[in-house]
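In: I would like to see how this sequence folds:
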Amino acid sequence: DPLGSRLVSGLAHPGGNVTGTSMMTPDLVAKQLELLKEVVPKLSRVALLWNPANPGSAAQLREAEGVARAIGLRLHVLEARDQRDIDRAFVAMTSERPEALVVLADAIFISERRQISHLASKSRLPAVYGMSDYAQVGGLMIYGVNLPALARRAATFVDKILKGAKPADLPVEQPNAFELFVNLKAAKALGLTIPRSVLLRADQVIACPEKGRCD
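Out: Model prediction:
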């Protein structure tokens, strides 16, 4: 959220020496919570993992709190700044007995994605993440921007600036390509049946081996 973070004075006219592409992470949290509600229809309590040391996380949290109220979910917010905090956060979750988990986009969480995915599975929590990296470590659902497409667009900014364009005059670009990943093996381990409506919207379904069996 470059505007909310005050990195730019406007998306169309950044006005300073910063421009580029935005991941729109606050806007995506709403869709992630809605996906959880669709997969777990009786969902009422959701744990949310965030890093308060990340300036961009505050906007994501505000959006999550607003959406949760709108769709009748109660959020249990847990902080984590490093690996040890992540372990403590999952221990704290047990007392609240959440029924699902949303993990906000954060570099620390990406680097510890294997640990987070393992703890979510161990805690039997259906979880949704914002980065496709979690698909490689058994994450149940991922909804976020297409990062390779975003990186390719970033290269065009480099090209224009090297040719003399001023960052102040280059509008910040928002993504137009989003991805939904669904892991059926993770769903099987949790005893979940992913609705067909979700599977049909998925860009990638990580299927079970051996003709659909998830043993």
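
In: going forward, measure contacts and count neighbours with C-alpha atoms only.
Out: Noted.

In: and Asn183, how far from Asp1?
Out: Distance of Asn183 to Asp1, given as CA to CA, to the nearest Å: 28 Å.

In: report pLDDT for the residue nearest the centre of the chain.
Out: Centroid-nearest residue in the chain, with CA atoms, centre = their mean: Gly130, separated by 1.8 Å. pLDDT recorded at Gly130 is 91.

In: host element of the spatially closest residue to it that is not a sequence neighbour?
Out: Nearest non-adjacent residue to Gly130, counting by CA to CA, 6 or more residues apart in numbering: Gly144, 4.7 Å away. Assigned by DSSP states H and E, Gly144 belongs to strand 141-145.

In: next SSE downstream of that strand?
Out: Sequence-wise, the next helix or strand downstream of strand 141-145 (DSSP H and E) is helix 147-162.

In: just give me how far the strand holding Gly144 sits from the chain centre.
Out: Its chain's C-alpha centre and that of strand 141-145 lie 6 Å apart, by CA atoms, centre = their mean, to the nearest Å.

In: which elements pack onto that strand?
Out: Using 3 or more CA pairs under 8 Å, 6 or more residues apart in numbering; DSSP states H and E, the elements in contact with strand 141-145 are helix 25-39, strand 127-129, strand 178-183.

In: Throw the ones you listed into JSON lines and include distance to Ser57, thanks.
Out: What follows is the helices and strands packed on strand 141-145, written out as JSON lines (distance: least, CA to CA, whole Å):
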{"stretch": "helix 25-39", "distance to Ser57": "8"}
{"stretch": "strand 127-129", "distance to Ser57": "14"}
{"stretch": "strand 178-183", "distance to Ser57": "20"}
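
In: just say which of the ones you listed is most tucked in.
Out: Neighbour counts (mean count of other CA atoms under 10 Å) averaged over each of the helices and strands packed on strand 141-145 peak at strand 127-129, with a mean of 27.

In: adjacent strands (with direction) for that one?
Out: Counting by DSSP bridges, the strands paired with strand 127-129 are strand 100-103 (parallel), strand 141-145 (parallel).

In: what's in contact with it?
Out: With contact meaning CA atoms under 8 Å, 6 or more residues apart in numbering, strand 127-129 is reached by 32-33, 36, 100-105, 120, 139-144.

In: can you rerun that using 6 Å?
Out: Residues outside strand 127-129 that contact it (CA atoms under 6 Å, 6 or more residues apart in numbering) are Ala100, Leu101, Val102, Val103, Leu140, Met141, Ile142.
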